[in-house]
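J.: Show me the folded form of this:
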Amino acid sequence: MRLAAIFNSLRQKEFAKLYAAQTVSLLGDAFTWVGIALLAFEFGGENSAAILSTALTLRVTAFILFAPYAGVLADKINRRKILLIADFGRMALVTLLAFVNAEWQIYLIVFFLNVFSAFFTPSFKASIPQMIKDKEKFAPAIALSNATYQVLAIMGPGIAGIAAAWLGSREIFLADSISYLLSALLVLAISRNLFSFKVNAVKSEISIGKWKEVFTGTMLLFKDRVIRFALLIEFAAAIVGANILVNTVGYVKGILAQDDKHYGWVMSALGVGAAIGAFGAAILDKSKTRKWSLIIGGLIVSLAVLPANHASFYLLIFLWLVAGFGQNLAEMPSQMLIAERIPLEQQGKVYGAHFAWSHLWWAIGYPIAGFLGSHFKNTSFIIAGYLALSILIIVFLTHTFQKQVNEK
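T.: Prediction:
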């Protein structure tokens, strides 16, 4: 799929508004997690890893518990209402985060905040076909949406880090609430008629059950050897990425004894590296399998964290710049591989399954990061780096062996 075709989907004004709402919402998520990382250090000090990993695990738990029901609900009621309720609900909850004074309040707000996010995402994805009437342009729109999710998942903390450097740990939540308000206003700007649909008419385009969609998409994901390889490389990148998100705040503010602004600059370096990696994924490797882009990206992000436990502030900025580049280089190709290798009529299911599996990788990574940050403060990044390298070696050897078997 050509890059120009992907961005041409934005010429359709109503989809452009929906896409803008998603982008602003994703930025809001990034602001939330950088702010929560700073709160975790405020309440836990050098033990912030346990608080932050618990909060991030609750995030994924909310997705797992409520996303299937959210998908069913998105097929039964007007999706515009779901999107608006989710945005206004998140706006209220992140505002409350600016005033929390106990650890349990963080956990409670984080869980319900992501319940709303669990309802926003399926409704957003299901709304794309309603915004785009030309089915030939549906796949590029999906690809753009998913690629944006991947890019902002890594670049977002960097952008939020810059905001935190200037606003502060509490004030960032007030700016965060504005992002959700803007997302709601963009949804309101979309024609109400485009969200109207008859349940029977839509069932032909949207899978009957969310679980069935995930299972079918999972079969297609793992059946394709190239996409399977990319998905497993993402697992290694997620192990490192989770450790970066969970343990950076404790290292910068605890071991290095720096302030919120310094933490913000470190996370912004991660975002800058991710931005470079996003372009690199599309430019450096144009092969059909993206194999070397995936391997090099996985190696870069794994090696970048190995010296981090003994790095100075400025060296850490450089390492996180490199790590952001490697992580996006390792994660971006899977989005394009799905668009290129999966039949158009099956891509929705596969993207949904990829969303579920990529979240599972992070659900595994967050508790590991919390454990390492709590029990191995001085070697947390080193252990994470070697663990990711071990996964990379196993995945590469398995992939090579399977290729040789298939060729015979």
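J.: drop to CA atoms for contacts and neighbour counts, all remaining ones
T.: Fine.
J.: From residue 126, how far off is residue 184?
T.: Residue 184 is 17 Å from residue 126, where distance means C-alpha to C-alpha, to the nearest Å.
J.: Settle it for me: which of the two has more neighbours?
T.: Per other C-alpha atoms under 10 Å, whichever of residue 184 and residue 126 has more neighbours is residue 184, with 24 against 18.
J.: pull the CA atoms of the helix or strand hosting that one into PDB?
T.: Assigned by DSSP states H and E, residue 184 belongs to helix 171-189. Written as PDB, here are the backbone C-alpha positions of helix 171-189 (Å, rounded to 0.1, in the frame of the first residue of the first chain):
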ATOM      1  CA  GLU A 171      -1.100  20.800  35.900                       C
ATOM      2  CA  ILE A 172      -0.500  18.300  33.100                       C
ATOM      3  CA  PHE A 173      -3.800  16.600  33.900                       C
ATOM      4  CA  LEU A 174      -5.700  19.900  33.400                       C
ATOM      5  CA  ALA A 175      -4.100  20.200  29.900                       C
ATOM      6  CA  ASP A 176      -5.000  16.500  29.400                       C
ATOM      7  CA  SER A 177      -8.700  17.200  30.100                       C
ATOM      8  CA  ILE A 178      -8.700  19.800  27.300                       C
ATOM      9  CA  SER A 179      -7.500  17.200  24.800                       C
ATOM     10  CA  TYR A 180     -10.500  15.000  25.600                       C
ATOM     11  CA  LEU A 181     -12.800  18.000  25.300                       C
ATOM     12  CA  LEU A 182     -11.300  18.800  21.900                       C
ATOM     13  CA  SER A 183     -11.800  15.200  20.800                       C
ATOM     14  CA  ALA A 184     -15.500  15.400  21.800                       C
ATOM     15  CA  LEU A 185     -15.900  18.600  19.900                       C
ATOM     16  CA  LEU A 186     -14.500  17.000  16.800                       C
ATOM     17  CA  VAL A 187     -16.900  14.100  17.100                       C
ATOM     18  CA  LEU A 188     -19.800  16.700  17.400                       C
ATOM     19  CA  ALA A 189     -18.600  18.400  14.200                       C
END
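J.: Buried ones in that helix, by neighbour count?
T.: Neighbour-count burial for helix 171-189, counted by 16 or more other C-alpha atoms under 10 Å, picks out 171-184, 186-188.
J.: now swap in stretch 89-103 and tell me
T.: Neighbour counts over stretch 89-103 (16+ other C-alpha under 10 Å) mark 89, 90, 91, 93, 94, 95, 96, 97, 98 as buried.
J.: Hmm, residue 177 and the fifth one touching each other?
T.: Right, the one you point to is residue 94. Yes: taking contacts as C-alpha atoms under 8 Å, residue 94 lies within contact range of residue 177: 5.9 Å.
J.: Outside of stretch 233-244 itself, list whatever touches it.
T.: For stretch 233-244, contacts defined as C-alpha atoms under 8 Å, 6 or more residues apart in numbering pick out 294-295, 298, 301-302, 305, 327, 330-331, 358, 361-362, 364-366, 368-370, 380-381, 384-385, 387-389, 391-392, 395.
J.: now, which of those residues lie within helices?
T.: Within those, residues falling in helices by DSSP state H are 294-295, 298, 301-302, 327, 330-331, 358, 361-362, 364-366, 368-370, 380-381, 384-385, 387-389, 391-392, 395.
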